[in-house]
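Engineer: Structure, please.
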Amino acid sequence: MARWHFAAVIAAGLMAGSGSALAWMRHGLAPVGQGWTGSAVAGSVDADPWTRARVALSGLLALDRSQAIYFVRTVDDAGRPLDQACRYRVSGGALPGRWWSVTVYAADNYLPRNDDGALSVDATRLHPDATGHWQALAASHRPPAGAWVSTRNAGHFDLTLRLYNPTPGAQADVSTITLPGVARIDCDRGVGG
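Structural biologist: Sure, this is the predicted structure:
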């Protein structure tokens, strides 16, 4: 009976440890500010085993910080989970890198399965106004005009911001970067998600 009890305790410990490790690998990025999370060591030789496992699990965040810095957003500006049933205004200003993009990912870390051809926006497709600010709509349906990121079939989704060839200052301290806002406009509960 003692062996059975010991084996059960070991099995329970392994299951709890594996479950918490998997949860961390899927959602274990550190807050960097303005509702975004990220990792300063993703893709580098300094990455810990859990960060390396997260990269292997998701396929994201694989380049070194001098090549790209990655940020992930799972909530809007009010802290509510991002949901395909809602429309969001993603807006910001100049970002400290040569090029950047914002891409929608479904909860399974894959692009949403739709044929809208609008799963990301980038620095070349968004045209800042006279003050240097830009905006795009993240929504399930294409707007009549303006930049659009399709969230159709994304359910509860996240946004990944990739900042390529970041400036040395951005590499040294990501907290100095003014990251885009994600404001909920409205929701249509008739849309799945």
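Engineer: all helices for the chain, in order.
Structural biologist: Assignment of helices within the chain using DSSP state H yields the ranges 2-27, 49-58, 168-172.
Engineer: Any stretches of this protein with poor pLDDT?
Structural biologist: Scanning the chain for pLDDT under 70 picks out 1-2, 4-29, 31-32, 40-63, 189-193.
Engineer: any chance you could map the strands in it?
Structural biologist: Residue ranges of the strands in the chain, as given by DSSP state E, are 30-33, 36-38, 68-73, 86-92, 97-105, 120-122, 134-139, 148-150, 158-166, 181-187.
Engineer: looking at the ones you listed, which is closest to R80?
Structural biologist: strand 181-187 (6.5 Å; CB to CB). All C-beta spots, glycine's among them, are computed from the backbone N, C-alpha and C.
Engineer: Give the other helices and strands that that closest one contacts.
Structural biologist: Taking 3 or more CB pairs under 8 Å, 6 or more residues apart in numbering; DSSP states H and E as contact, the helices and strands that strand 181-187 lies on are strand 86-92.
Engineer: and the strand it packs on, what does it pack onto?
Structural biologist: In terms of contacts (3+ CB pairs under 8 Å, 6+ apart), strand 86-92 is packed against strand 134-139, strand 181-187.
Engineer: Report the inter-axis angle for it versus strand 181-187.
Structural biologist: Counting by axes from the mean of the first three to the mean of the last three CA atoms, to 10 degrees, strand 86-92 lies at 160 degrees to strand 181-187.
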